[in-house]
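# I'll drop the sequence and a predicted model, then ask my questions.
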Amino acid sequence: MIGSQDGPPALEVQNLSCRFGALVAVHDVSLAVPPGGRFGIIGPNGAGKTTFFNLLSGELRPSGGRIRLFGEDVTRLSPPRRVAKGIGRTFQITRIFPDLTVRENLTLALLGLSRSKLQPLRRWRADRVRQQRAEELAGSFGLAHRLEDPARVLSHGELRELEVLLALATEPRVLLLDEPAAGLSPAERQDIRRLLQDLPTSLTLVMIEHDMEVLREVVDRVAVLHYGELVVEGPTAEVQQHPAVREIYLGSAEVGR
Ligand SMILES: Nc1ncnc2c1ncn2[C@@H]1O[C@H](COP(=O)(O)OP(=O)(O)OP(=O)(O)O)[C@@H](O)[C@H]1O
């Protein structure tokens, strides 16, 4: 496994649960991801994956359990405070502003680091450090030529890349990616796979993803959620072959791909 076994895990979840009325969307889930670990979460539709992410990023409060980031209990912190502590994420539904350029979207995300969100646009442009960082980020994903284009003209694949960049702009220590390859063409999938493989090794990555090829290449361990429960967790290849997992996915192409 990538990552150190010394010290506290980058992310530790203990007995985490979330109820919506009578429905238990996440039930007593425990797992730990070491610093620099690459971790995948799979499960059929409605298994509780997005709810689990919302608990991690603070969009939802758990009904029970604990979340620790590098040993620090963040269970009760608001989403912005978790971002400040180092949890970054993308969303299944994009949060990109379509009429702003790639540069402006990135600059806005970079401004999320400070308390100066209300600076007028011309002052962002004068902020050389952030402009340089926006250019570096775009360059690292091959989006430098798109900096001055409005986000609405980007391809689906480029939008997905921009989402990852926006999350990286918050300088996360733990990055949560919600289906980064969803809806991409085979060529775009390859691009995002490469991009994810090239992320700094110090970054801890947790991603929800259906595409087993992406998972095999990017993550080293996978957890399977089913009806809100963690059914199996282990090395990607083993999990893929696990009888319980094959049964859950029986009739579905997802796990055999
Ligand atoms: N805000 C909510 N209020 C009530 N029920 C919810 C809410 N959010 C999710 N659920 C329910 O919780 C269960 C888990 O949903 P969740 O979206 O977490 O699953 P998922 O594994 O992410 O599914 P998908 O792959 O379709 O995105 C589902 O039965 C869903 O209908």
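Sure thing, it's come through. Quantities reported herein were computed from a predicted structural model and do not represent experimental measurements.
# CA atoms for contacts and neighbours, from now on please.
Noted.
# Would you map out the domains in the chain?
According to automatic domain parsing, the chain comprises the domains 1-86+174-257, 96-171.
# Pick out the shakiest of those domains, pLDDT-wise.
Lowest mean pLDDT within those: domain 96-171, at a mean of 83.
# Which residue, other than its chain neighbours, is closest to whatever residue of the stretch 101-250 of the chain ends up closest to the ligand?
Across the stretch 101-250 of the chain, the shortest distance to the ligand (C-alpha to the nearest ligand atom) belongs to Gly228, at 6.8 Å. Residue nearest to Gly228 in three dimensions, not counting chain neighbours: Val26, with 4.0 Å by C-alpha to C-alpha, 6 or more residues apart in numbering.
# Ok, Leu165 next?
Leu165 sits nearest to Leu137 (C-alpha to C-alpha, 6+ apart), 6.5 Å away.
# That neighbour belongs to a helix?
Yes. The assignment for Leu137 by DSSP: H, G, I helix; E, B strand; the rest coil puts it in a helix.
# Could you count how many residues lie near it?
20 (other C-alpha atoms under 10 Å).
# Check Gly183 too.
So Gly183, with other C-alpha under 10 Å, has 12 neighbours.
# residues in contact with it?
Neighbouring residues of Gly183 by C-alpha atoms under 8 Å, 6 or more residues apart in numbering: His156.
# and it, which of the three is it?
Here Gly183 is recorded as coil under three-state DSSP.
# For it, give its distance to Gly88.
Using C-alpha to C-alpha, to the nearest Å, we find Gly183 at a distance of 22 Å from Gly88.
# repeat for Pro9
16 Å.
# neighbour count winner among those two?
Between Pro9 and Gly88, counted using other C-alpha under 10 Å, Gly88 has the larger neighbour count: 26 against 23.
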